[in-house]
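S.K.: I would like the atomic coordinates for the input below:
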Amino acid sequence: MEAAKEHHLMQSTTTIIALIAIRNRRNACFPHSSTSLGAMAKDYPGPANFYQLESRRQRLTWILAISSLCAIFYVIGAWQNSSIPKSNHSNISKVRCDDISDSTALSKNSLHGATSLQSNANLDFNAHHQLDLKNTSPSMENFQPCAMNFSEYTPCEDRTRGRRFERAMLVYRERHCPTKDELIRCLIPAPPGYKKPFKWPQSRDYAWYHNIPHKKLSVEKAVQNWIQVEGDRFLFPGGGTMFPEGADAYIDDINELIPLTDGSIRTAIDTGCGVASWGAYLLKKSVLTMSFAPRDTHEAQVQFALERGVPAMIGVMASMRIPYPARSFDMAHCSRCLIPWQAHEGLYLLEVDRVLRPGGFWILSGPPIHWKKYYRGWERTQEDLKQEQDAIEEVATHICWKKVIEKEDLSIWQKPINHNECINSRKVYQTPHICKNGNADAAWYKKMETCITPLPETSKDVDVAGGELRKWPERAFAVPPRISMGTIPGITAEKFEEDNKMWKERVAYYKKLAPTLSRGRYRNVMDMNANIGGFAAAIDKYQVWVMNVVPVNSDQDTLGVIYERGFIGTYQDWCEAFSTYPRTYDFIHADGVFSTYQERCDITYILLEMDRILRPEGTVLFRDTVEVLVKIQTLIRGMRWDSKMMDHESGPFNPEKILIAVKSYWTGQATK
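M.R.: Numbering: from 1, shown residues only. All right, here's what the predicted structure looks like:
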């Protein structure tokens, strides 16, 4: 094949040289410029046509020659850049601190140095735990492993740092990120014996013990069937505090009261989620749940959820808004989540009301519901529990919710589809009032308020505020109401359709770069700059779920659009750490993230954060300019990632390129 291409190249080159030689011989016979030919045409009317014809032939010869050269070099360039990474298996299973070469300063010149778009690195996207970690390039910094006590480090939810803050309203459990002098510049180690997690759907029921070596929950929640230890693995029977017989039966009870299977309920939030069995089993009904719980005395409950392949975040309802826009969720759930819903003038119910979409449901089980049956086990008096339930009922009525039903252990309320009647009811209920100012979607370090978040105005009492949503799965590709109503500047229905088409083409190209994307290799996916959720929509068919992140400094707040499409996500400032445990994502997509942040903070720490949350042998796909990707590639070599630069899906002449990288497998050493 290569010999044939070289022969063809030689023939083409010979032809062009012959054409140029003919042109030179003609110039010797007719050594006149095009200007002199025009003059001769005036002076000698007869021969003018001959000279003009000859001039045209010369120009045509040059055009053909240059066009041929361009075509030949385009073919050569495309051929050279068409290769796809092949696997490369090395032999290493663990890394000790003393096995890694001493770090060296990262020079400014190395960040701006030229690099080939087709590096010699070979990538392997299949898990095998045997990638070579050594790289002795003198121009890069070799990042050392952190001590083993950092194995489950969550920078912004660090318990030691949290003790500096007040305990009132659980402020100490909220996000409190490290200052610049507290940032660590090392790699978070996986625990000894770490294994690739089980594939979905098996991961819903099993996890390796050594990946999350904590037995505390299996002891504390033994009778509730949260989690059990079976040899070298955990088993998740699907139980919960209020559903020890299993989440399936509990969900069936809910389904008898409200519709869970007709596509009208797609997004849900589970506050105080435990190990997220409720969200895990709801996936069978195509309901996507954001499981939400603090880092508290129940060790690693959110980490267990993510290890199972279930969406989850570390978070707490305290004094700040939870990081989601208004009108996000079709359903909210609390099963003995221990949140004092009636406290602080109903502050926490008002926050649920903010994120619940018009017509959405709130489900409560556990104290104080069905208190006549459970009050002895809850070790509380009947009077105390009755008073708490009455207070919750009163708050719900004042914020215009209607009680759908209370049956045995379940109580369900529904938010109105608009606020026409609610506004009129303020003549009866003085508090809480309707919020008058502020952005209802603002939720990044924004204090909760004791007022009702207003819904968009409607002209008719039967209209759904903000626009009615299509049922799932049509919702994923239907034009979201926020776009059709023109509330997102610059994004029209036409641009929405174009974005869907673009991401369909991009994901088809991604499958060529990382074939395992469509083969069940990945489950937990993050899009660091999700825009309107086109990437998530394009890969939804591959049995993955996507944490769609909208950076808080984005030109447009599009997270509400993503939720209207039936996907989930959160706000984030990438100059800070993400609210999750280490090793909780299989695949990270970073589209233009570093161009956005390189002037705002040190991108080294963004990459170290990506290394923290990425599972060993996980994959990252960067899209950015060549200059930015060269900087990234230099840094990630020192993090022992294997990487390769690839062309844009439109071809080699697009200035945007793709850098695809795989995190190496290594583990820390057990402490003595």
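S.K.: alpha carbons only for contacts and neighbour counts from here, please
M.R.: Will do.
S.K.: Report the secondary structure state of the residue lying closest to residue 162 once chain neighbours are set aside.
M.R.: Spatial nearest neighbour of residue 162, chain neighbours left out: residue 172 (4.7 Å); criterion: Cα to Cα, 6 or more residues apart in numbering. Classification of residue 172 by DSSP: H, G, I helix; E, B strand; the rest coil places it in helix.
S.K.: residue contacts, residue 172?
M.R.: Contacts here follow Cα atoms under 8 Å, 6 or more residues apart in numbering; on that basis residue 172 touches 162-166.
S.K.: ChimeraX command for the buried members of these?
M.R.: Applying 16 or more other Cα atoms under 10 Å to the contacts of residue 172, the buried members can be selected in ChimeraX as follows:
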select :162
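S.K.: ok, residue 303 to residue 584 distance?
M.R.: 7 Å (Cα to Cα, to the nearest Å).
S.K.: about what we covered before: export the contacts of residue 172 to CSV and tack on distance to residue 203?
M.R.: Listed next are the contacts of residue 172 as CSV, based on distance: Cα to Cα, whole Å:
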residue, distance to residue 203
162, 32
163, 35
164, 37
165, 37
166, 38
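S.K.: Looking at the contacts of residue 172, which is nearest residue 243?
M.R.: residue 162 (32.1 Å; Cα to Cα).
S.K.: looking at this structure, which helix or strand does the model trust least?
M.R.: Least confident helix or strand, the chain: helix 108-112 with a mean of 32, by mean pLDDT, DSSP states H and E.
S.K.: Next, give phi and psi for the closest residue to residue 656 other than its chain neighbours.
M.R.: The shortest distance from residue 656 to any residue other than its chain neighbours is 4.6 Å, reached at residue 625 (Cα to Cα, 6+ apart). Per-residue torsions, residue 625: phi -70, psi 160 (degrees, to the nearest 10).
S.K.: pretty sure residue 625 is touching residue 655, no?
M.R.: Yes. Because the distance of 6.2 Å satisfies Cα atoms under 8 Å, residue 625 is recorded as touching residue 655.
S.K.: if you count what's nearby, which of the two comes out ahead?
M.R.: residue 625 (17 against 12; other Cα atoms under 10 Å).
S.K.: Tell me the confidence at that one?
M.R.: The per-residue pLDDT reported for residue 625 equals 96.
S.K.: Look up how far residue 631 lies from the residue nearest to residue 656.
M.R.: Applying Cα to Cα, the value for residue 625 to residue 631 is 10 Å.
S.K.: Quick check: closest non-adjacent residue to residue 193.
M.R.: Per Cα to Cα, 6+ apart, closest to residue 193 is residue 210, 5.7 Å.
S.K.: Quick one: neighbours of that neighbour, just the number.
M.R.: When neighbours are counted by other Cα under 10 Å, residue 210 comes out with 16.
S.K.: follow-up on the earlier one: ok, the residue nearest to residue 656 - contacts?
M.R.: 595, 655-657.
S.K.: Go through these and single out the one with the most neighbours.
M.R.: Neighbour-wise, the contacts of residue 625 (other Cα under 10 Å) top out at residue 657, 24 neighbours.
S.K.: That one looks like it's in a helix, true?
M.R.: No. Assignment of residue 657 by three-state DSSP gives strand, placing it outside any helix.
S.K.: Let's see the pLDDT reported for it.
M.R.: pLDDT recorded at residue 657 is 97.
S.K.: pretty sure it contacts residue 628?
M.R.: No. Contact between residue 657 and residue 628 fails when scored by Cα under 8 Å: they sit 9.7 Å apart.
S.K.: Now do the phi/psi pair for residue 436.
M.R.: Residue torsions, per degrees, to the nearest 10, at residue 436 are phi -100, psi -30.
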